[in-house]
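Student: Sequence unavailable; structure follows:
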């Protein structure tokens, strides 16, 4: 059985993907950029953008019956290595209790040049 969660990203319909999908006990959250909530602005700094990514991820997890404590893996893509500590600090605040396996990679750019970070997450629900 597959369950899908959708968010506010305009790219989901345009590019044909779900924010997250649950298959059995596994929840996979797609690359999540810091797309601002309707009526708000993009955070100007990497820390604020990472928190926004985590908010979007948390909503998707909740929609599929999971929570941040179920996260077992994250992948963070940043556009500037000097943002690593800020992104890592936000990651620790949001996922530190789960202590997931994590990867942080510096990339040349993301889809929107104003984005400083994008994050993927995977969770496994307890049996």
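Tutor: Everything's here; your move. These numbers were taken from a predicted model, which means no experiment stands behind them.

Student: Report the contact partners of residue 24.
Tutor: residue 1 (Cβ atoms under 8 Å, 6 or more residues apart in numbering). C-beta coordinates here come from the backbone N, C-alpha and C atoms, glycine included.

Student: What residues does residue 106 make contact with?
Tutor: 77-81, 84.

Student: ok, now residue 48?
Tutor: residue 34.

Student: where does the nearest residue to residue 43 once chain neighbours are set aside fall, helix, sheet strand or coil?
Tutor: Nearest non-adjacent residue to residue 43, counting by Cβ to Cβ, 6 or more residues apart in numbering: residue 49, 4.8 Å away. Here residue 49 is helix, with the state taken from DSSP: H, G, I helix; E, B strand; the rest coil.

Student: Residue numbering should commence at 99 henceforth.
Tutor: Sure, I'll start counting at 99 from here, so that last one is residue 147.

Student: which of the contacts of residue 204 lies closest to residue 99?
Tutor: residue 175 (30.2 Å; Cβ to Cβ).

Student: Am I right that that closest one falls within a strand?
Tutor: Yes: according to three-state DSSP, residue 175 belongs to a strand.

Student: Just give me the neighbour total for it.
Tutor: By the other Cβ atoms under 10 Å criterion, the neighbourhood of residue 175 contains 20 residues.

Student: ditto for residue 157
Tutor: By other Cβ under 10 Å, neighbour count at residue 157 equals 17.

Student: In contact with it, which residues?
Tutor: 103, 105.

Student: and what of residue 119?
Tutor: 100-103, 125-126, 162.

Student: hang on, the earlier thing: from what I see, the residue nearest to residue 141 and residue 213 are in contact.
Tutor: Yes: counting by Cβ atoms under 8 Å, residue 213 is a contact partner of residue 147 at 6.7 Å.

Student: where do the strands sit along the chain?
Tutor: Counting by DSSP state E, the chain has strands at residues 100-103, 118-121, 124-130, 169-176, 199-204, 215-222.

Student: right, and those strands - which one's nearest residue 111?
Tutor: Here strand 100-103 is closest among these (Cβ to Cβ), at 12.4 Å.
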